[in-house]
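> The following block contains a protein sequence and its predicted model.
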Amino acid sequence: MQGTKQEVRNLIAGRWEGANGHATEAVYDPATGEVIAETPLSTREDLDRAVKAAGAAFGPWAATPVTERARILFRFKMLLEENFGELRDLVTLENGKDAKDAGGEVRRGIEVVEFACGMPSLMMGESQRDVARGIDNVSYRYPLGVVAAITPFNFPCMVPLWTLPVAIAAGNAYILKPSERTPLSAVRLGELLLEAGLPEGVFSIVNGGREAVDAICEHPGIKAVSFVGSQPVAKHVYELGSAHGKRVQALAGAKNSMIVMPDAVLEQAVPNIVSSAYGNAGERCLAGSVLVAVGGVADEVVEKIGEAASAMKVGPGYEEGSELTPVIRDSHREKVRGYIDLGEEEGATVVLDGRQPPREEGFFVGPTILDNVKGEMRVAREEIFGPVLSVVRVASLDEAIEFTNASPFGNACSIYTENGAAVRHWRERVEAGMLGVNVGVAAPMAFFPFNGIKDSFYGDLHATGKDGVRFFTENKVEVTRWLSEPGPTPDVQRPTETGA
């Protein structure tokens, strides 16, 4: 698909709209640096039209029986399966990740659609008879209204699918603002939703940048906002949206530790660690970016990781066998290089240096290992979002936990060990919302929440799982008492047959 110029459009009131004279931002193929599309930078007026169309569609859609809404999602799921290869290739084209990771992303998104197809059960309320004498208590779930999602570049298909099937199946009208860097997957999702039979206005796409983000957070017609992205922007969205009376979930950055114990099975752990640190060029919020080596295992594990990382094939995601793919932009490549420079200046040992571009074209950074990193160094504390692994050496598991808990982030933490007592000790004390035991990317299934804590999440209800259903719905609780006694059914006046 590389070399083909793609069209990026807004979807408002069921109609596709081109740039219409708007300013645009270039969309690049990260593997070549070629401009493959232009994203229209929508205005507040564009968003307002989308909100009005969504508001008009909301009432009839919310009144549609939940079973009928679910049937449309079943059709959508079928279309996603039929177009799986196309969606995978779109992700590779605009994000740069390899076909395996891109296919995994699409599959994880489809799993959320499968979960949302169960909305007839997920929307069920609760009831209790005789909470007092002759009084029953029951609760019902209702959709909120018009809701919005602001999604990132690193998972352009999966992250929109974290929220849109749940929100729509629950009866809301939904507006998507995809990353201006990776808008192509979102357009295709919109086309498939319309093909599945979703009524006009229930799903909208408003492309754009900062102006569109702020407009979503401030618009009085939007009831809830879901955000996934960097920590500074997540905090901004949470504060701005909340200040305007919205329900907000904002999934933010990370600095995830992978703790390697002396008894770890390195033959299996090392490939898993390498995949976690360097998969998708390190551009994922569950990437293991800090290796915490406990005791005497440090030298051996660093040597083995260095050997495996050095052997990785660097190349475009659409080339078979590519293992280390490009980062999203040249500006981001310079940021990653700057962190490697910083780590060296702070006293870290550059065991593997990826600063020299491993390929002339595209936005590639080579795999990098920074050893002897100390807790106070910025490369140990700040999110780099690139193929850079920092190695911290500690004497004990408690010291590893202490290092991990000193991070302001709390997205994920993994431990490599065969010692169940050590796992339990770690689990009870570590401050992270998603835990992996011999698993480097501790991504929960669609029916569990994506459970970051601390500065990795702003809000109360997480994305996906039952938390996602709760986020996009509101309860009404009814208390019922009947004052009359049951008696015989009164006679009903029947019409005479005269004149029939």
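Happy to help now that I have it. Just so we're clear, the structure is a prediction, and the values are computed from it rather than from any experiment. Numbering: from 1, shown residues only.
> Let me know the secondary structure of the most centrally placed residue in the chain.
Nearest to the mean C-alpha position of the chain, by C-alpha atoms, centre = their mean, lies residue 159 at 3.7 Å. For residue 159, the secondary-structure state derived from DSSP: H, G, I helix; E, B strand; the rest coil is helix.
> From residue 226, how far out is the nearest residue to it once chain neighbours are set aside?
Spatial nearest neighbour of residue 159, excluding adjacent residues (C-beta to C-beta, 6 or more residues apart in numbering): residue 151 at 4.4 Å. Just so you know, the C-beta spots here come from the backbone N, C-alpha and C atoms, and that holds for glycine as well. Plainly put, residue 151 is 8 Å away from residue 226 if you go by C-beta to C-beta, to the nearest Å.
> higher neighbour count, the two?
Set residue 151 next to residue 226 and count neighbours by other C-beta atoms under 10 Å: residue 226 wins out with 32 against 28.
> Name the helix or strand for that one, please.
strand 224-228 (DSSP states H and E).
> any idea of the angle the next helix-or-strand element following that strand forms with strand 224-228?
Later in the chain than strand 224-228, the nearest helix or strand by DSSP H and E is helix 231-243. If you take axes from the mean of the first three to the mean of the last three C-alpha atoms, to 10 degrees, helix 231-243 sits at 180 degrees to strand 224-228.
> if I pick the residue nearest to the centre of the chain, what's in contact with it?
For residue 159, the contacting residues are 109, 151-152, 228, by C-beta atoms under 8 Å, 6 or more residues apart in numbering.
> ok, now residue 49?
Applying C-beta under 8 Å, 6+ apart, we find residue 49 in contact with 12-13.
> Helices of the stretch 401-500 of the chain, residue ranges please.
420-429, 465-471 (DSSP state H, counting those that start in this stretch).
> And for the stretch 101-250 of the chain?
Counting by DSSP H, counting those that start in this stretch, the helices of the stretch 101-250 of the chain are 119-122, 158-169, 184-195, 210-218, 231-243.
> Now do the shortest one: everything it contacts.
Judged by C-beta under 8 Å, 6+ apart, the contacts made with helix 119-122 from elsewhere in the structure are 66-67, 69-70, 73, 116, 166, 169-170, 466, 469.
> and the residue lying closest to residue 13 once chain neighbours are set aside, what element?
Here the nearest residue to residue 13 in space, its sequence neighbours aside, is residue 53; by C-beta to C-beta, 6+ apart that works out to 3.7 Å. Assigned by DSSP H and E, residue 53 belongs to helix 44-63.
> Contacts made by the helix or strand following that helix with the rest, please.
Downstream of helix 44-63, the next assigned helix or strand under DSSP H and E is helix 66-82. The contact list for helix 66-82, computed with C-beta under 8 Å, 6+ apart, reads 61, 87, 106, 109-110, 113-114, 116-120, 123, 165, 168-169, 171, 192-193, 195-198.
> Neighbour count for the contacts of helix 119-122 - can I get that in a markdown table?
What follows is these, written out as a markdown table (neighbours: other C-beta atoms under 10 Å):
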| residue | neighbour count |
| --- | --- |
| 66 | 19 |
| 67 | 9 |
| 69 | 23 |
| 70 | 19 |
| 73 | 24 |
| 116 | 28 |
| 166 | 31 |
| 169 | 26 |
| 170 | 26 |
| 466 | 15 |
| 469 | 21 |
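> quick check, nearest of those residues to residue 357?
Looking at the contacts of helix 119-122 and their distance to residue 357, the nearest is residue 166, at 40.9 Å (C-beta to C-beta).
> correct me, but the closest one touches residue 472?
Yes. Here residue 166 lies in contact with residue 472, judged by C-beta atoms under 8 Å, at a distance of 5.9 Å.
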